[in-house]
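> sequence first, then the predicted structure, then my questions.
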Amino acid sequence: MILFPKHTNSEDISGTLSFYRPSNKKLDFEVPISLSNAQMLIPDKNLIEGRWNITIDWEFDHTPYLFKKSFMY
């Protein structure tokens, strides 16, 4: 689950989530941001166990934001 600031209007947020798998480029995928109550659920069918890098490139109120994180799933 990806959580965005609750004080923002979810309809005013746009952007993409990019998932990068360092060990296998074929597993990389990107999805557009689609929020429900300032959160977005990524189905686990898209993720397999192991290390992932995520990049969240989003915009709110004409201000761009970029967030990068590595995580183990």
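Cool, got the structure.

> how about the spatially most central residue of the chain, secondary structure?
In the chain, the residue lying closest to the centroid (C-alpha atoms, centre = their mean) is residue 17, at 3.3 Å. Put simply, residue 17 is strand when judged by DSSP: H, G, I helix; E, B strand; the rest coil.

> residue 73 against residue 53, yeah?
No. Residue 73 lies out of contact with residue 53 (C-beta atoms under 8 Å); the separation is 11.3 Å. For glycine as for every other residue, the C-beta is placed from the backbone atoms N, C-alpha and C.

> and the residue nearest to the centre of the chain, what are its bridge partners?
For residue 17, the beta-bridge assignment (DSSP bridges) gives partners residue 31, residue 56.

> need the contact list for it.
Residues counted as contacts of residue 17 (C-beta atoms under 8 Å, 6 or more residues apart in numbering) are 2, 30-33, 40, 42, 54-56.

> make it 10 Å
2, 29-34, 40, 42, 54-58, 67 (C-beta atoms under 10 Å, 6 or more residues apart in numbering).

> in a helix, residue 11, correct?
Yes. Residue 11: assigned to a helix according to three-state DSSP.

> 17 is where my numbering starts, stick with that
Fine by me, first position is 17 from now on; the one you just mentioned is residue 27.

> need the pLDDT of it.
We have a pLDDT of 84 for residue 27.

> skipping its backbone neighbours, what lies nearest it in space?
Counting by C-beta to C-beta, 6 or more residues apart in numbering, residue 27 lies nearest to residue 51, which is 7.9 Å off, once chain neighbours are set aside.

> likewise residue 39?
That would be residue 66: by C-beta to C-beta, 6+ apart, it lies 6.5 Å from residue 39.
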